[in-house]
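[1] The following block contains a protein sequence and its predicted model.
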Amino acid sequence: MKLATYKDGSRDGQLVVVSRDLGSAHYATGIAHRLQQVLDDWSYLAPQLQDLYDQLNAGKARHAFPFDPQQCMAPLPRAYQWADGSAYINHVELVRKARNSEVPASFYLDPLMYQGGSDDFIGPCDDVVVPSEAMGIDFEAEIAVVTGDVKMGCTPEQALDGIRLVMLANDVSLRNLIPAELAKGFGFFQSKPATAFSPVAVTLDELGDAWDKGRLHLTLQSTWNGRKVGMCDAGPEMTFHFGQLIAHIAKTRNVRAGSIVGSGTVSNKGVADAKGRTDWPKGYSCIAEKRCIETIQDGQPSTEFMQYGDTIRIEMKGKDGQSIFGAIDQAIAAPA
């Protein structure tokens, strides 16, 4: 099934069930008002939502209405936890190579993760408000999962059983703030503003055989200012699958229902041409990676970060060519 949260003036919005083709929706008020309620009591409430979803797809839901992504908050407008990984080691390799440094061996054995702010997510069509263009505004196209309860000390395989929903993310980064923060030895903070998520979150059965052992084998599309810059394969080069990411979090603590775990920037390896020059035909899922590629190829970056008025669209389509999650479609804006 597909679930979304509509704006209603409150912090948590109203839960709606969305049809498979994203054409229509129905308030889930008679079952649950908010998505967190469903995650807290999944085994009881999810089957009821599934029944409503089936009715909606069959055209039998009495109070259905046209689905409008512009009315969406993030599926979980605020969450108990937002932990983002760097599951595509190629992204780390590019960053390190551009700096002429080696990737530590431990990076291939243990995922990199940081804890982001989860009190104020933004909707898929909301503006990304940034105090200054000089901060180095960047998008990051990612996949994210929402969990149920996962016990401390679980195995990666057990962690996979705790995944309830999948969605897309734009993990906005302020690149020019990152070096000073990391130099303090205490991780990201101001350099990671509010994250945006796709209009809908979907259950694993909606993904069919594209979901395989914690990886989503589909193409993630990134379109910057109307130009498609990324067509990255999300599955094969995901070094750490979602079960491994969740188990990493759960090594020393329980993971509770309503936790969101991100994949990090979806990234694919380059391909050498006949002259030995490496190119990246599938593009990029963040500008920082493009700048690393330019540094490797030409000695210095030439692509600038985002400016006010720039737009970013992030979307993933199924094998039938239809959008699965709806699109994150945002503009960069100055504070009012």
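    Received the coordinates, thanks. All values reported here derive from a predicted model rather than from experimental measurement.
[2] all contacts plus neighbour counts: C-alpha atoms, from now on.
    Will do.
[3] Surely residue 209 is within a strand?
    No - Residue 209 is assigned helix when assessed by DSSP: H, G, I helix; E, B strand; the rest coil, not a strand.
[4] What count of nearby residues applies to it?
    11 (other C-alpha atoms under 10 Å).
[5] repeat for residue 11
    Residues near residue 11, counting by other C-alpha under 10 Å: 12.
[6] so what's it up against?
    Contacts of residue 11 were listed using C-alpha atoms under 8 Å, 6 or more residues apart in numbering, and they are 77-78.
[7] got it, and residue 217?
    210-211, 233-236.
[8] Remind me what the longest helix along the chain packs against, helices and strands.
    The longest helix of the chain (DSSP state H) is helix 42-57. Counting contacts by 3 or more C-alpha pairs under 8 Å, 6 or more residues apart in numbering; DSSP states H and E, helix 42-57 packs against strand 14-18, strand 24-27.
[9] I'd like those as CSV, with mean neighbour count and distance to residue 265 appended.
    Listed next are the helices and strands packed on helix 42-57 as CSV, based on neighbours: other C-alpha atoms under 10 Å; distance: least, C-alpha to C-alpha, whole Å:
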stretch, mean neighbour count, distance to residue 265
strand 14-18, 27, 27
strand 24-27, 22, 30
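[10] which SSE is the most far-flung residue of the chain relative to its centre in?
    Here the chain reaches farthest from its C-alpha mean at residue 275, the gap being 36.1 Å by C-alpha atoms, centre = their mean. Under the criterion DSSP states H and E, no helix or strand holds residue 275.
[11] circling back to that earlier point, would you format the helices and strands packed on helix 42-57 as JSON lines with distance to residue 307 and mean pLDDT included?
    Formatted as JSON lines, the helices and strands packed on helix 42-57 follow (distance: least, C-alpha to C-alpha, whole Å; pLDDT from 0 to 100):
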{"stretch": "strand 14-18", "distance to residue 307": "33", "mean pLDDT": "98"}
{"stretch": "strand 24-27", "distance to residue 307": "34", "mean pLDDT": "98"}
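[12] So for residue 66, which of those sits nearest?
    In terms of C-alpha to C-alpha, the element of the helices and strands packed on helix 42-57 nearest to residue 66 is strand 24-27, at 4.3 Å.
[13] Quick one, grab the pLDDT at residue 187.
    Here the pLDDT value assigned to residue 187 is 85.
[14] That one reaches residue 179, doesn't it?
    No - contact criterion C-alpha atoms under 8 Å: residue 187 and residue 179 do not qualify, at 9.8 Å.
[15] Neighbour count: the two, which is higher?
    Applying other C-alpha under 10 Å to residue 187 and residue 179 shows that residue 187 carries more neighbours, namely 16 against 12.
[16] I'd assumed that one was in a helix, is it?
    No - counting by three-state DSSP, residue 187 is not found in a helix; it is coil.
[17] If you drop the residues flanking it in sequence, what lies closest to it?
    If the residues on either side of it in the chain are set aside, residue 187 comes closest to residue 181, at 6.3 Å by C-alpha to C-alpha, 6 or more residues apart in numbering.
[18] give the contact list for that neighbour.
    By C-alpha under 8 Å, 6+ apart, residue 181 lies in contact with 187-189, 191.
[19] ditto for residue 24
    Contacts for residue 24 (C-alpha under 8 Å, 6+ apart) come out as 18, 56, 64-67.
[20] now it: how far from residue 14?
    Residue 24 sits 15 Å away from residue 14, going by C-alpha to C-alpha, to the nearest Å.
[21] and if you look at residue 321?
    29 Å.
[22] repeat for residue 50
    Distance from residue 50 to residue 14, counting by C-alpha to C-alpha: 17 Å.
[23] tell me the mean pLDDT for stretch 265-282?
    Averaged over stretch 265-282, pLDDT sits at 87.
[24] Which ChimeraX command selects the buried ones in the contacts of residue 181?
    Buried residues within the contacts of residue 181, by 16 or more other C-alpha atoms under 10 Å, are selected in ChimeraX with:
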select :187,188,191
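[25] okay if I get the contacts of residue 181 as a markdown table plus distance to residue 34?
    Putting those into a markdown table (distance: C-alpha to C-alpha, whole Å) gives the following:
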| residue | distance to residue 34 |
| --- | --- |
| 187 | 32 |
| 188 | 30 |
| 189 | 28 |
| 191 | 30 |
